[in-house]
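Asks: got a sequence here, can you build the structure:
(2 chains, ligands or ions: 2)
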Amino acid sequence: MTSVPLSPRSASSLRWPVLGGLALAVFLAGFLLPGYLQGGYLQSLLNNGLITGVMALCVAFIMHQCGLVLFGIAAYYGLAAYACAILINSFGLSAMAAAGGALLVTLTAAFLVGAIVIRVKPLAFMMICLSLAELMRHLVALPSLRRTTGGSDGLLFMPEGRVLGIDAMDLLDTAQVWPLIWTATWVIAGLFLIVASSHFGVRLRAIKENEERMRFSGFDTYWPRVFAFTGVGLAAGIAGVIQALASGLASPEMFSIITSTNALLAAITGGVSSVIGPVAGGVIYTWAISEFGALGYSQLFTGIAVILVMLFIPKGILHPLRLLRRKGGRA
Amino acid sequence: MIRVENLTVAYGAFKALNDISVDLGQRGQVHSIIGPNGAGKSTFMDAVVGKRRPSAGRIFYKDRDISGDSIQRRRKNGMARSFQKTSIFPGLTILEQLDLVAAHLNEPDLGAIIDTMDLREVLHLEAARAAYGVQRRVDVALGLIGMPDILLLDEPGAGLSAEETANLFRHLRKLAAERDIAAVVVEHDVEAVFALSDVVTVLDLGRHLATGTPAEIRANPQVVAAYLGTAA
Ligand SMILES: Nc1ncnc2c1ncn2[C@@H]1O[C@H](COP(=O)(O)OP(=O)(O)OP(=O)(O)O)[C@@H](O)[C@H]1O
Ligand SMILES: [Mg+2]
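Replies: Residues are numbered from 1 along each chain as shown, chains lettered A, B, ... in the order given. Ligands and ions are numbered 1, 2, ... in the order given. Model prediction:
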């Protein structure tokens, strides 16, 4: 390509092997966790936290790479869960086939929606995405669709076969579903990280920064963002399928505005510019909600948390740490 | 290389350009467009590169009517521009943005552009943190990437000191000659324009007053009356 010599700033050639090794160690150690937690409260908290974390990753990715506020991620999460449940109940598919089918449905839906909403203004983007999720929530609760969707109670299902080597019925156990959630979180976070640092990621951020200049530089500015949206929808779909398999249930609440809000807040709490932030945000957020929810103050907590986060750490909880590290690195 | 025929561009009822016909873009030459504020110079550039739809008239590029082509298509076919109001990617480093565009447009020698625009020292700076003069040069450099056939520069010297502007023009002339680019430059500094241009077009209130060599333009009574005044 070009012959621009990179300046000598890669003095930290040891950095990536060390970080990579550390990540691998944490990843492997994660599989030992259920042995210590013995199921129970903490395990289910972590499970739910990571599911919210994956959704937060999706929101953070679209925000950081495309500058769009995705306030309706629940649509793809819920859609995948329902598609999985319906494929099992009404079409008799095995758990694995249903999961694959559900992801295909979600991928297609996200692509079609993306092809439309990427064209509109940011406010319209936010409102349309939000409305779609709300629309789905009402749709699945329609009495006339009760035989297929289970109505407002949600759709219970009994999965058969194995999912990535785990018996589908075992996934209902919080400890046994953990490896699936843990792996999915790492894979999705890893893919987002790779995409963000790839040529495609730079291209997305450049479109975010100055779309007109991108066109004047000969770039198409539409399809990359449609693909980014599709990928994010698919990732949320993976979270939805796992959640459905972990609970044996697809429920209208999965589409609710609370699901979307939680993901958005977790992303902002954790910070949208890293992949660790949103996942950590998801866990912290889930923990806090469950603590305050037990006291009956969960709405109150959410309100206070939003205000505090926005006022004091608008760039996320990891940001102060990063500043510290940067200062340390310079000294 | 570009032929504009009866071009009219209107903002609502106001005609910013009115029935303009002109040829521009000889390889290796600098063609300047001058005129008072609001004459329609930027609007002219916008129409040529596809940012603004003409309300009438046609634009030919390399003998093909490109009136229906998108901005991207025109750029890929070799028509590049820089902006009066700096238009770069503030959050990317200077190298990141030059590299991105260079890879996309198959630029064979980005190093030469970086050196010509004197950007080597600041490559790893986030563009937003760079000095204004640097940002102007990045804007021009982005236009130079990909061996364009014609480069339209809208007041490349805007906000630069006289010395910086002179430097920039020297670089541009060199590059236009080296790469056999046709340069079309909008500039306010009339003396600089006459010194550096091969051809000059004068616009006034959306109308085409005259096109000719600097000497012809200087001697044109209409131009003197409308724009140059007694100064020239
Ligand atoms: N977006 C717009 N909407 C309405 N009128 C506009 C718009 N852009 C420019 N104009 C008007 O069109 C006329 C030509 O503007 P243009 O920017 O092309 O002039 P210019 O020759 O580039 O001036 P300058 O030397 O100030 O850059 C001006 O009267 C301006 O007010
Ligand atoms: Mg102008």
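Asks: following the helix or strand where B:L98 lies, which helix or strand comes up?
Replies: Element membership for B:L98, per DSSP states H and E: helix B:94-104. Secondary structure here is assigned by DSSP H and E; on that basis, the next helix or strand after helix B:94-104 toward the C-terminus is helix B:110-116.
Asks: the helix or strand following that next one packs against which elements?
Replies: Next helix or strand after helix B:110-116 toward the C-terminus (DSSP H and E): helix B:132-144. Helix B:132-144 makes packing contacts with helix A:211-216, strand B:79-82, helix B:94-104, helix B:110-116, strand B:150-154, helix B:162-179 when contacts are defined by 3 or more C-beta pairs under 8 Å, 6 or more residues apart in numbering or on different chains; DSSP states H and E. Yep, even glycine has a C-beta here, placed from its N, CA and C like the rest.
Asks: how much space is there between whichever residue of the stretch 51-200 of chain A sits closest to ligand 1 and A:G231?
Replies: The nearest approach of the stretch 51-200 of chain A to ligand 1 comes at A:K121, 18.0 Å away (C-beta to the nearest ligand atom). Computed as C-beta to C-beta, to the nearest Å, the A:K121 to A:G231 distance reads 22 Å.
Asks: got it, and B:E96?
Replies: With the distance defined as C-beta to C-beta, B:E96 ends up 22 Å from A:G231.
Asks: name the residue closest to the centre of the chain, please.
Replies: You didn't say which chain, so I picked chain A. Central residue check for chain A by C-alpha atoms, centre = their mean: the C-alpha nearest the mean position is that of A:M55, 2.1 Å away.
Asks: oops, chain B please
Replies: A centroid search over chain B (C-alpha atoms, centre = their mean) returns B:L153, at 1.8 Å, as the residue closest to the centre.
Asks: contacts only, for that residue.
Replies: Contacts of B:L153 were listed using C-beta atoms under 8 Å, 6 or more residues apart in numbering or on different chains, and they are B:81-82, B:140, B:143, B:172, B:183-186.
Asks: which residues does it bridge with?
Replies: In this structure, B:L153 bridges to B:S82, B:V185 when assessed by DSSP bridges.
Asks: coming back round to it: what about the residue nearest to the centre of chain A, helix or strand, and which?
Replies: Element membership of A:M55, judged by DSSP H and E, is helix A:40-66.
Asks: tell me which other helices or strands that helix touches.
Replies: Judged by 3+ C-beta pairs under 8 Å, 6+ apart, helix A:40-66 is in contact with helix A:33-37, helix A:174-197, helix A:199-209, helix A:223-247, helix A:257-270, helix A:276-294.
Asks: who touches the residue nearest to B:K76 when sequence neighbours are not counted in this structure?
Replies: Spatially, and ignoring its direct neighbours in sequence, B:K76 is nearest to A:G218 (4.7 Å; C-beta to C-beta, 6 or more residues apart in numbering or on different chains). A:G218 is in contact with B:72, B:75-76, B:101, B:104-105, B:146, counting by C-beta under 8 Å, 6+ apart.
Asks: one more time with 10 Å, if that's ok
Replies: When contacts are counted by C-beta atoms under 10 Å, 6 or more residues apart in numbering or on different chains, A:G218 touches B:71-80, B:101, B:104-105, B:145-146, B:148.
Asks: may I ask which of the residues you listed has the most neighbours?
Replies: Looking at the contacts of A:G218 with neighbours defined as other C-beta atoms under 10 Å in any protein chain shown, the largest count falls to B:M79 at 29 neighbours.
Asks: leaving out sequence neighbours, find the closest residue to it.
Replies: Looking at B:M79 with C-beta to C-beta, 6+ apart, the closest residue is B:I150, at 5.4 Å.
Asks: the one you found contacts B:R27, doesn't it?
Replies: Yes. B:I150 sits in contact with B:R27 when judged by C-beta atoms under 10 Å, with a separation of 8.5 Å.
Asks: which of these two has more neighbours?
Replies: Looking at B:I150 and B:R27 with other C-beta under 10 Å, you find the greater number of neighbours at B:I150, namely 26 against 14.
Asks: quick revisit: just the buried residues of the helix holding A:M55, please?
Replies: Residues of helix A:40-66 classed as buried: A:43-66 (neighbour count, 16 or more other C-beta atoms under 10 Å in any protein chain shown).
Asks: so which other helices or strands are in contact with the helix or strand that that helix is followed by?
Replies: Sequence order places helix A:74-89 as the next helix or strand after helix A:40-66, per DSSP H and E. For helix A:74-89, the helices and strands in contact under the criterion 3 or more C-beta pairs under 10 Å, 6 or more residues apart in numbering or on different chains; DSSP states H and E are helix A:40-66, helix A:95-117, helix A:122-140, helix A:146-149, strand A:155-156, helix A:223-247, strand A:249-250, helix A:257-270.
Asks: helix A:74-89 - what's its average pLDDT?
Replies: When the per-residue pLDDT values of helix A:74-89 are averaged, the result is 97.
Asks: just the CA trace of that helix, in CSV.
Replies: Taking C-alpha atoms only, helix A:74-89 is exported to CSV below (Å, rounded to 0.1, in the frame of the first residue of the first chain):
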residue,chain,number,x,y,z
ALA,A,74,-34.6,-5.0,23.1
ALA,A,75,-36.3,-5.6,19.7
TYR,A,76,-33.5,-8.0,18.5
TYR,A,77,-33.0,-9.6,21.9
GLY,A,78,-36.7,-10.3,22.2
LEU,A,79,-37.2,-11.3,18.6
ALA,A,80,-34.4,-13.9,18.8
ALA,A,81,-35.9,-15.3,22.0
TYR,A,82,-39.4,-15.6,20.5
ALA,A,83,-38.1,-17.0,17.2
CYS,A,84,-36.2,-19.7,19.1
ALA,A,85,-39.2,-20.5,21.3
ILE,A,86,-41.6,-20.6,18.3
LEU,A,87,-39.3,-22.7,16.2
ILE,A,88,-39.1,-25.2,19.0
ASN,A,89,-42.8,-25.3,20.0
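Asks: run the chain-centre distance for it.
Replies: The gap between where helix A:74-89 is centred and where its chain is centred comes out at 16 Å by C-alpha atoms, centre = their mean, to the nearest Å.
Asks: quick one, it and helix A:257-270 angle?
Replies: Computed with axes from the mean of the first three to the mean of the last three C-alpha atoms, to 10 degrees, the direction of helix A:74-89 lies at 130 degrees from that of helix A:257-270.
Asks: what residues are up against residue 128?
Replies: Answering for chain A, as no chain was given. A:I128 sits next to A:71-72, A:113, A:116-117, A:120 when contact means C-beta under 10 Å, 6+ apart.
Asks: wrong chain, I was asking about chain B
Replies: If you count contacts by C-beta under 10 Å, 6+ apart, B:A128 has them with A:209, B:88-93, B:135.
Asks: swap in A:I116?
Replies: A:125, A:128, A:226.
Asks: how near is it to A:F229?
Replies: A:I116 sits at a distance of 10 Å from A:F229 (criterion: C-beta to C-beta).
Asks: got it, and A:A239?
Replies: When distances are taken as C-beta to C-beta, A:A239 and A:F229 turn out to be 16 Å apart.
Asks: A:G218 now?
Replies: When distance is defined by C-beta to C-beta, A:G218 is 23 Å away from A:F229.
Asks: what parts of the stretch 201-331 of chain A come near chain B?
Replies: Remark: the part of the stretch 201-331 of chain A in contact with chain B comprises A:202-203, A:205-210, A:212-221, using C-beta under 10 Å from any C-beta of the partner chain.
Asks: B:H31 belongs to a strand?
Replies: Yes. When DSSP: H, G, I helix; E, B strand; the rest coil is applied, B:H31 is found to be in a strand.
Asks: dump the residue contacts of it.
Replies: B:1-2, B:22-25, B:150, B:152, B:182-185, B:197-201, B:211.
Asks: again, only using 6 Å
Replies: Contacts here follow C-beta atoms under 6 Å, 6 or more residues apart in numbering or on different chains; on that basis B:H31 touches B:24, B:184, B:199.
Asks: so which of those wins on neighbours?
Replies: Among those, where neighbours are counted by other C-beta under 10 Å, the top count belongs to B:V184, at 27 neighbours.
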